[in-house]
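> need coordinates for the below:
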Amino acid sequence: MSGYDAVEAAFRRGRAGHLAGRLAEAEAAYLECLALEPANPAARYGLSILLLAAGRYAEAWPLYESRRQVLPRAAIPPISTPVEWSGDNPRGRRIAVVAEQGLGDQIMFARYLPALVARGANVVIALGMGNLKTLFEHQGFETTGIYRGGEIPGVDAWTYFGSLPFRLAMDAPPAPEFLELPMAPGGGVGVIATGNPLHPNDANRSLPPPLADRLRSLGRDLSPSATGAADFMDTARIVAGLDLVVGVDTSVVHLAGAMGKPCCVLLPREGLDWRWNDGVRSDWYPKFKLLRQATAGDWNLPLRQVAEAVAERKGSPR
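Numbers count the residues shown, from 1 in each chain. Now for the predicted structure:
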């Protein structure tokens, strides 16, 4: 077997073991692959995801940087502004934090922004689209665009949202609450039944139409098409008045977490995202109630548990 074939075989064993939940086997295979080819980005990224799910953050974050070579350009926009922030003293410098991956990822990693500010940085958030602009500006952050060729003018250095834990050398996730919004009166339950259909795991994470309707019958539909929300600031104002948010793994549940709202998250058996750890308790959202499928594709148990949680919430005094 050639060197290339040995590397490819080890990576395939790691990937197969990872998908099947044979994590010790997967880790050993990824490490075998990296022993043969230490810079292999796919193996580094695969191992990082495995380690993140296991809560082994100090080991994972340096490897997670390989996502830049693995994820598509649409998820990780290339930046041409010369100086990438290395984690050195940022005091007095204008640091651009660049949006990457999905909107939920950006909201989740935004919990690190206060730590960057506390170290003396003047933070500028570089957004690829405007859905989060008003929300971040409401928190006092300056925002800018990413210009032609990946330029971000007027900053001293830049980093990606997902690189903040590594650059700040913060191993364990800080508490998710970073959004300060007045809680509005009204109460009730908000639900989100589907995510972005372009997400690579959407077939597993979103509810099919009949079950989506079943979830929507339990509360107010928080999808922008139902609320008329123009951006996340509008959705945040609605969430502020709710007692409980229930949803599949999508950006609205990250918004609820950032606001400190109680939340139930319906999770698939297959394709579980690393931020939900083992699907029972998440380091990223320790107060959330996670409801995972017992069998791949079967949402009946999570939906029954959600109905019970909603009934209990409605029956408890406010």
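> tell me what whichever strand or helix holds residue 51 is packed against?
Under the criterion of DSSP states H and E, residue 51 resides in helix 41-53. Under the contact criterion of 3 or more Cβ pairs under 8 Å, 6 or more residues apart in numbering; DSSP states H and E, the helices and strands touching helix 41-53 comprise helix 3-20, helix 23-36, helix 57-64, helix 67-70. Quick note: C-beta positions are derived from backbone N, CA and C, even for glycine.
> okay, the angle between that helix and helix 57-64?
Relative orientation of helix 41-53 and helix 57-64, computed by axes from the mean of the first three to the mean of the last three Cα atoms, to 10 degrees: 150 degrees.
> hey, C-alpha coordinates of helix 41-53 in CSV?
These are the backbone C-alpha positions of helix 41-53, laid out as CSV (Å, rounded to 0.1, in the frame of the first residue of the first chain):
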residue,chain,number,x,y,z
PRO,A,41,-6.7,18.8,7.1
ALA,A,42,-9.5,16.4,6.9
ALA,A,43,-8.1,14.2,9.6
ARG,A,44,-7.3,17.2,11.8
TYR,A,45,-10.8,18.5,11.4
GLY,A,46,-12.5,15.1,12.0
LEU,A,47,-10.4,14.6,15.1
SER,A,48,-11.3,18.2,16.3
ILE,A,49,-15.0,17.5,16.0
LEU,A,50,-14.7,14.2,17.9
LEU,A,51,-12.7,16.0,20.7
LEU,A,52,-15.1,18.9,20.9
ALA,A,53,-18.1,16.5,21.3
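> ok now it, how far from the chain's centre?
16 Å (Cα atoms, centre = their mean, to the nearest Å).
> residues in contact with it?
The set of residues that contact helix 41-53 without belonging to it, under Cβ atoms under 8 Å, 6 or more residues apart in numbering, is 7, 10-11, 14-15, 18, 23, 26-27, 30-31, 33-34, 37, 57, 59-61, 63-64, 66-67, 69-70, 272, 274-275, 277-278.
> repeat the analysis, applying 7 Å as the threshold.
If you take Cβ atoms under 7 Å, 6 or more residues apart in numbering as the criterion, helix 41-53 is touched by 11, 14-15, 18, 23, 26-27, 30, 33-34, 59-60, 63-64, 66-67, 69-70, 274, 277.
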